[in-house]
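K.L.:
build me a model from this:
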Amino acid sequence: MRYDKGNRFFNPAVALKSDSDHTAGSEYRYDNGGIELSDSMHLSDKMDLSIVLNQSSAKYSDRSSGERRDGLFSFEVSGSRKLAPKWTLLGSGQVVKNTSNFPESFAYDRFALSAGVSYAL
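P.N.:
Take a look at the predicted model:
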(Lines give C-alpha, C1' and ligand atoms only; values in the text may rest on other atoms or scores of the structure.)
Protein backbone atom coordinates (compact mmCIF):
# COMPACT_ATOMS: atom_id res chain seq x y z
CA MET A 1 0.00 0.00 0.00
CA ARG A 2 1.45 3.38 -1.00
CA TYR A 3 0.44 6.80 0.22
CA ASP A 4 0.96 10.04 -1.68
CA LYS A 5 3.36 10.99 1.15
CA GLY A 6 5.73 8.17 0.14
CA ASN A 7 6.16 4.56 1.07
CA ARG A 8 4.17 3.40 4.09
CA PHE A 9 7.03 2.02 6.21
CA PHE A 10 10.29 2.83 4.46
CA ASN A 11 11.12 6.52 3.92
CA PRO A 12 14.76 6.72 5.04
CA ALA A 13 16.97 9.78 5.19
CA VAL A 14 20.68 10.24 5.90
CA ALA A 15 22.32 13.49 6.96
CA LEU A 16 25.97 14.29 7.47
CA LYS A 17 26.36 17.10 9.99
CA SER A 18 29.11 19.53 10.82
CA ASP A 19 29.17 22.58 13.04
CA SER A 20 31.61 24.63 15.04
CA ASP A 21 31.49 27.32 17.66
CA HIS A 22 34.44 29.67 17.70
CA THR A 23 33.79 31.60 20.89
CA ALA A 24 35.88 34.51 22.11
CA GLY A 25 37.08 32.36 25.02
CA SER A 26 38.78 29.05 24.34
CA GLU A 27 37.10 26.81 26.94
CA TYR A 28 33.96 26.05 24.88
CA ARG A 29 35.33 26.50 21.34
CA TYR A 30 34.62 23.28 19.41
CA ASP A 31 34.34 21.49 16.08
CA ASN A 32 31.65 18.82 15.70
CA GLY A 33 30.78 16.22 13.06
CA GLY A 34 28.27 13.43 12.86
CA ILE A 35 25.71 11.38 11.01
CA GLU A 36 21.95 11.07 11.38
CA LEU A 37 19.79 8.21 10.09
CA SER A 38 16.01 8.51 10.14
CA ASP A 39 12.88 6.83 8.86
CA SER A 40 9.34 8.18 8.67
CA MET A 41 6.48 5.72 8.69
CA HIS A 42 2.93 6.52 7.64
CA LEU A 43 1.02 3.93 9.66
CA SER A 44 -2.35 5.22 8.49
CA ASP A 45 -3.97 8.37 7.13
CA LYS A 46 -4.15 9.62 10.72
CA MET A 47 -0.94 8.27 12.29
CA ASP A 48 2.77 8.87 11.56
CA LEU A 49 5.84 7.53 13.36
CA SER A 50 9.44 8.67 13.04
CA ILE A 51 12.66 7.03 14.24
CA VAL A 52 15.98 8.93 14.39
CA LEU A 53 19.48 7.68 15.25
CA ASN A 54 22.20 10.28 15.69
CA GLN A 55 25.92 9.90 16.36
CA SER A 56 28.36 12.78 16.61
CA SER A 57 31.71 13.70 18.10
CA ALA A 58 32.95 17.06 19.29
CA LYS A 59 36.53 18.21 19.84
CA TYR A 60 37.38 21.11 22.16
CA SER A 61 41.04 21.51 21.23
CA ASP A 62 41.89 24.94 22.69
CA ARG A 63 41.04 24.32 26.36
CA SER A 64 43.56 25.44 28.97
CA SER A 65 42.99 22.20 30.92
CA GLY A 66 43.68 19.98 27.89
CA GLU A 67 41.84 18.81 24.80
CA ARG A 68 38.33 17.51 25.43
CA ARG A 69 36.61 14.98 23.17
CA ASP A 70 32.90 14.16 23.53
CA GLY A 71 30.86 11.54 21.72
CA LEU A 72 27.08 11.69 21.58
CA PHE A 73 24.62 8.97 20.61
CA SER A 74 20.87 9.55 20.59
CA PHE A 75 17.80 7.52 19.66
CA GLU A 76 14.39 9.15 19.30
CA VAL A 77 10.93 7.85 18.46
CA SER A 78 8.17 10.37 17.82
CA GLY A 79 4.64 10.04 16.62
CA SER A 80 1.56 11.99 15.75
CA ARG A 81 -2.11 11.04 15.59
CA LYS A 82 -4.69 13.27 13.91
CA LEU A 83 -7.65 13.63 16.29
CA ALA A 84 -9.82 15.98 14.23
CA PRO A 85 -9.30 18.06 11.06
CA LYS A 86 -7.23 20.70 12.91
CA TRP A 87 -6.12 18.83 16.07
CA THR A 88 -3.15 16.45 16.34
CA LEU A 89 -1.82 14.52 19.33
CA LEU A 90 2.01 14.50 19.55
CA GLY A 91 4.42 12.36 21.56
CA SER A 92 8.10 11.48 21.64
CA GLY A 93 10.72 9.63 23.63
CA GLN A 94 14.47 10.15 23.46
CA VAL A 95 17.52 8.43 24.93
CA VAL A 96 20.88 10.25 24.87
CA LYS A 97 24.33 9.04 25.92
CA ASN A 98 27.18 11.54 25.96
CA THR A 99 30.71 10.28 26.58
CA SER A 100 33.80 12.37 27.29
CA ASN A 101 37.48 12.01 28.08
CA PHE A 102 36.53 14.15 31.14
CA PRO A 103 33.69 11.85 32.28
CA GLU A 104 33.29 13.27 35.78
CA SER A 105 32.32 16.65 34.32
CA PHE A 106 30.86 16.06 30.87
CA ALA A 107 29.58 12.47 30.48
CA TYR A 108 25.84 11.93 30.99
CA ASP A 109 22.82 9.83 30.11
CA ARG A 110 19.41 11.40 29.51
CA PHE A 111 15.92 10.06 28.93
CA ALA A 112 13.13 12.41 27.93
CA LEU A 113 9.43 11.99 27.20
CA SER A 114 7.18 14.65 25.77
CA ALA A 115 3.53 14.85 24.84
CA GLY A 116 1.32 17.59 23.47
CA VAL A 117 -1.35 18.66 21.05
CA SER A 118 -1.21 20.94 18.06
CA TYR A 119 -3.88 23.04 16.38
CA ALA A 120 -3.53 24.02 12.72
CA LEU A 121 -4.78 27.48 11.80
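
K.L.:
which strand residues bridge the closest residue to Leu16 other than its chain neighbours?
P.N.:
Closest residue in space to Leu16, ignoring its immediate chain neighbours: Ile35 at 5.8 Å, by CB to CB, 6 or more residues apart in numbering. Glycine gets a C-beta too; all of them are placed from N, C-alpha and C. For Ile35, the beta-bridge assignment (DSSP bridges) gives partners Leu16, Gln55.

K.L.:
Ile35 against Val14, yeah?
P.N.:
Yes. Under the criterion of CB atoms under 8 Å, Ile35 is in contact with Val14, at a separation of 7.0 Å.

K.L.:
more crowded one of these two?
P.N.:
Neighbour tally, Ile35 and Val14, criterion other CB atoms under 10 Å: the higher count belongs to Ile35, 12 against 8.

K.L.:
tell me the contacts of the residue nearest to Leu16?
P.N.:
Going by CB atoms under 8 Å, 6 or more residues apart in numbering, Ile35 touches Val14, Ala15, Leu16, Lys17, Asn54, Gln55, Ser56.

K.L.:
so of the residues you listed, which two are at opposite extremes in space?
P.N.:
Farthest pair in these (CB to CB) is Val14 and Ser56. Separation: 13.8 Å.

K.L.:
please indicate which of the contacts of Ile35 are buried?
P.N.:
Neighbour-count burial (16 or more other CB atoms under 10 Å) is assigned, among the contacts of Ile35, to Asn54, Ser56.

K.L.:
pick the one among the contacts of Ile35 closest to Arg63.
P.N.:
Distance from Arg63 was checked for each of the contacts of Ile35 by CB to CB. The minimum falls on Ser56, at 18.6 Å.

K.L.:
other SSEs contacting whatever helix or strand Val52 lives in?
P.N.:
Under the criterion DSSP states H and E, the helix or strand holding Val52 is strand 47-60. For strand 47-60, the contact count by 3 or more CB pairs under 8 Å, 6 or more residues apart in numbering; DSSP states H and E identifies strand 30-42, strand 68-84 as packing neighbours.

K.L.:
now the ones you listed in CSV, with distance to Thr23?
P.N.:
Written out in CSV, the entries for these read as follows (distance: least, CB to CB, whole Å):
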stretch, distance to Thr23
strand 30-42, 9
strand 68-84, 14
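
K.L.:
fine by me, we can end here.
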